[in-house]
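S.K.: The following block contains a protein sequence and its predicted model.
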Amino acid sequence: MAPGPRGSGALFLDLHMNLPPSAVLGARHARVRQVLDALGLDALIVTNASNIRYLTSHTGTSGVAVLTREAVHLVVDFRYEEAVRGLQSSDAACPGLRTWPVPGSYEGAVLTCLSEIAVSAVGFEAAHVSVARHAWWRDTIAARALGISLRSTGSIVERLRVIKDTWELVALRESASRLTAVAGTVLGAIRLGTTEREVAGVLEGAIRQAGYERLAFDTIVASGPHSALPHYRTGDRRFASGDFVVLDFGGILDGYCSDLTRTVCIGPPSGEARRVYSAVQDAQRAAIAAVRPGIDASAVDAAARCVLDARGLGEAFGHGTGHGLGLDVHEDPRITRHRPGIAPGETIPSLLLEAGMVFTIEPGAYLAGWGGVRIEDDVLVTEEGYEVLTSVPRELLSL
Ligand code: GLY
Ligand code: MN
Ligand code: MN
């Protein structure tokens with residue numbers, strides 16, 4: 001189901017934010033429950049904020065969800081109780097939601113919930129529970145003889161989030177399309193003598209003006225030698241003639257991230273600058289053209305890497321070709337030679353692309369002390385191949 005008109009939320013909520021309707025949340029719960037059944041779990045404690053948002057639409061910075069076969073228990077403290085009540089009286093209500101207060105600690109409130117609903121085999125998200133929190137739960141369950149068996153789980157919700165539902169695709173398309181418009185507004189602000197921070201300010205103002213709830217990450221404006229640092233922290237350098245300027249920015253709309261990079265040149269580019277730029281442009285074109293269902297993510301990475309290798313720039317491309325986009329700006333699938341958790345030398349398990357995945361394609365070439373180029377777009381895998389969600393010219397601009 002697609003989002004309704006903007007502002008269809010209840011009075012208590014941000015009227016400018018679209019929320020997934022109840023039926024969409026219910027379908028997500030059903031998919032998690034299938035996994036719980038397969039694992040023999042009665043419940044899953046969800047502590048990752050994006051996973052909680054995915055399952056309940058709760059956007060607070062604190063909260064714990066416990067999904068069972070019958071219900072979604074949301075443990076939230078006083079600061080969020082009113083917002084959750086508002087959510088429940090809207091057409092975006094979370095099906096089967098029951099809220100639990102936090103009279104003391106979150107750890108204690110979760111145990112109260114688990115013991116009152118009488119579940120025994122309970123999964124937790126191993127990547128999102130601190131050692132201290134786990135130890136407290138384990139020791140308290142034993143001391144109080146609660147009869148709960150805590151089981152470590154990995155990426156149950158994250159794996160479902162990799163394939164976007166129709167509602168998410170509407171949000172991601174809109175997020176990417178507004179970023180395209182933001183890119184158009186910034187070019188006039190880039191000229192000889194402007195500072196990186198001034199341009200970042202213009203970009204961030206345009207992102208706010210465009211209606212995003214916030215930035216997806218700290219805006220990167222990297223000029224001259226700084227452009228050779230892929231995740232440079234924007235500073236006060238003034239643009240000089242011949243500089244490359246890498247502009248990497250993104251926003252979060254209705255919870256969904258967009259992420260775009262363009263590299264421009266201050267004044268006419270040198271021959272070497274044109275050569276490096278066109279290598280990155282060709283690498284990005286090759287990687288995008290490789291995207292289709294059934295291809296391994298590492299083959300998309302290889303398509304970009306192969307072009308840069310052939311131009312003598314393989315060593316200058318030290319990061320992966322892309323990353324999944326959704327509620328998080330960096331999520332699965334990773335479009336890379338490596339996989340998190342796989343040691344060097346181990347065989348990389350295949351990761352076949354499927355329709356509904358959304359990720360960036362962002363090859364770059366970085367030459368220390370000289371400069372760098374990165375070109376990044378957001379891409380959806382479709383049944384037929386791909387759709388590029390961002391739409392900004394990729395030719396080298398001389399400003
Ligand atoms: N700006 C972070 C990234 O492109 O991944
Ligand atoms: Mn980026
Ligand atoms: Mn990116």
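M.R.: Sure, I can see it. Residues are numbered from 1 along each chain as shown. Ligands and ions are numbered 1, 2, ... in the order given.
S.K.: Next, see if the host helix or strand of residue 282 gets close to ligand 1.
M.R.: Residue 282 is part of helix 271-290 when elements are defined by DSSP states H and E. No: Helix 271-290 lies out of reach of ligand 1 by C-beta under 6 Å from any ligand atom, never closer than 12.8 Å. To be clear about C-beta, it is placed using only N, CA and C from the backbone, and glycine gets the same treatment.
S.K.: Convert the C-alpha atoms of that helix to CSV, please.
M.R.: Output in CSV follows, covering the C-alpha atoms of helix 271-290 (Å, rounded to 0.1, in the frame of the first residue of the first chain):
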residue,chain,number,x,y,z
GLY,A,271,44.2,16.7,-18.3
GLU,A,272,44.9,14.5,-15.4
ALA,A,273,41.8,15.7,-13.6
ARG,A,274,39.7,14.9,-16.7
ARG,A,275,41.3,11.4,-16.9
VAL,A,276,40.6,10.5,-13.3
TYR,A,277,37.1,11.9,-13.5
SER,A,278,36.2,10.0,-16.6
ALA,A,279,37.6,6.7,-15.1
VAL,A,280,35.3,7.1,-12.1
GLN,A,281,32.4,8.0,-14.3
ASP,A,282,32.9,5.0,-16.5
ALA,A,283,33.3,2.7,-13.4
GLN,A,284,30.0,4.0,-12.0
ARG,A,285,28.3,3.5,-15.4
ALA,A,286,29.6,-0.1,-15.6
ALA,A,287,28.5,-1.0,-12.0
ILE,A,288,25.0,0.4,-12.5
ALA,A,289,24.7,-1.4,-15.8
ALA,A,290,25.6,-4.7,-14.1
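S.K.: taking the mean pLDDT, what do you get for the helix or strand following it?
M.R.: Counting by DSSP H and E, the next helix or strand C-terminal to helix 271-290 is helix 297-310. The average pLDDT for helix 297-310 rounds to 97.
S.K.: Repeat that for stretch 112-128.
M.R.: 97.
S.K.: So which bits of stretch 286-293 are buried?
M.R.: Buried residues in stretch 286-293, defined by neighbour count with 16 or more other C-beta atoms under 10 Å: 286-288, 290-293.
S.K.: typo on my end, it should be stretch 59-75
M.R.: The neighbour-count check on stretch 59-75 (16+ other C-beta under 10 Å) flags 59-60, 63-68, 71-75 as buried.
S.K.: Over to that stretch now: how far is its first residue from its last?
M.R.: By C-alpha to C-alpha, to the nearest Å, the extent of stretch 59-75 from end to end equals 13 Å.
S.K.: Also stretch 361-371?
M.R.: With C-alpha to C-alpha as the measure, stretch 361-371 spans 20 Å from end to end.
S.K.: That stretch near ligand 2 anywhere?
M.R.: No: Stretch 361-371 lies apart from ligand 2 when judged by C-beta under 5 Å from the ion; the minimum separation is 6.2 Å.
S.K.: Could you show which parts of the stretch 151-300 of the chain are in contact with ligand 1?
M.R.: 217, 220, 248, 259.
S.K.: Count the residues that sit near the second one.
M.R.: The reference is to residue 220. Neighbours of residue 220 under the rule other C-beta atoms under 10 Å: 23.
S.K.: contacting residues for it?
M.R.: Counting by C-beta atoms under 8 Å, 6 or more residues apart in numbering, residue 220 touches 200, 231-234, 246-249, 261.
S.K.: List just the nearest of these to ligand 2.
M.R.: Nearest to ligand 2 among the contacts of residue 220 is residue 248, at 4.1 Å by C-beta to the ion.
S.K.: still on that earlier bit, can I get the contacts of residue 220 in a markdown table including neighbour count, pLDDT and secondary structure?
M.R.: Listed next are the contacts of residue 220 as a markdown table, based on neighbours: other C-beta atoms under 10 Å; pLDDT from 0 to 100; DSSP: H, G, I helix; E, B strand; the rest coil:
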| residue | neighbour count | pLDDT | secondary structure |
| --- | --- | --- | --- |
| 200 | 22 | 98 | helix |
| 231 | 10 | 90 | coil |
| 232 | 20 | 94 | coil |
| 233 | 11 | 94 | coil |
| 234 | 23 | 95 | coil |
| 246 | 28 | 98 | strand |
| 247 | 26 | 98 | strand |
| 248 | 24 | 98 | strand |
| 249 | 27 | 98 | strand |
| 261 | 23 | 98 | strand |
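S.K.: Which pair in the residues of the stretch 151-300 of the chain next to ligand 1 has the greatest spatial separation?
M.R.: Greatest spatial distance among these (C-beta to C-beta): 220 and 259, at 10.6 Å.
S.K.: Overlap of the contact sets of these two?
M.R.: Common contacts of residue 220 and residue 259 (C-beta under 8 Å, 6+ apart): 248-249.
S.K.: from the stretch 1-150 of the chain, which residue is nearest to ligand 1?
M.R.: Using C-beta to the nearest ligand atom, the closest approach of the stretch 1-150 of the chain to ligand 1 is made by residue 50 at 16.1 Å.
S.K.: show me what contacts the residue in the stretch 251-399 of the chain positioned nearest to ligand 2?
M.R.: For the stretch 251-399 of the chain and ligand 2, the shortest gap (C-beta to the ion) falls at residue 259, measuring 4.1 Å. By C-beta under 8 Å, 6+ apart, the contact list for residue 259 reads 179, 216-217, 248-250, 325, 329, 360, 362, 376, 378.
S.K.: Find the nearest non-adjacent residue to it, please.
M.R.: Leaving out its chain neighbours, the residue that sits closest to residue 259 by C-beta to C-beta, 6 or more residues apart in numbering is residue 250, at 4.0 Å.
S.K.: Residue 41 now?
M.R.: Using C-beta to C-beta, 6+ apart and skipping residues adjacent in sequence, the residue nearest residue 41 is residue 123, 4.5 Å away.
S.K.: If I look at the residue in the stretch 51-200 of the chain that ligand 2 sits nearest to, what pLDDT would I see?
M.R.: Of all residues in the stretch 51-200 of the chain, the one sitting closest to ligand 2 is residue 179 (10.2 Å; C-beta to the ion). Note on residue 179: pLDDT of 96.
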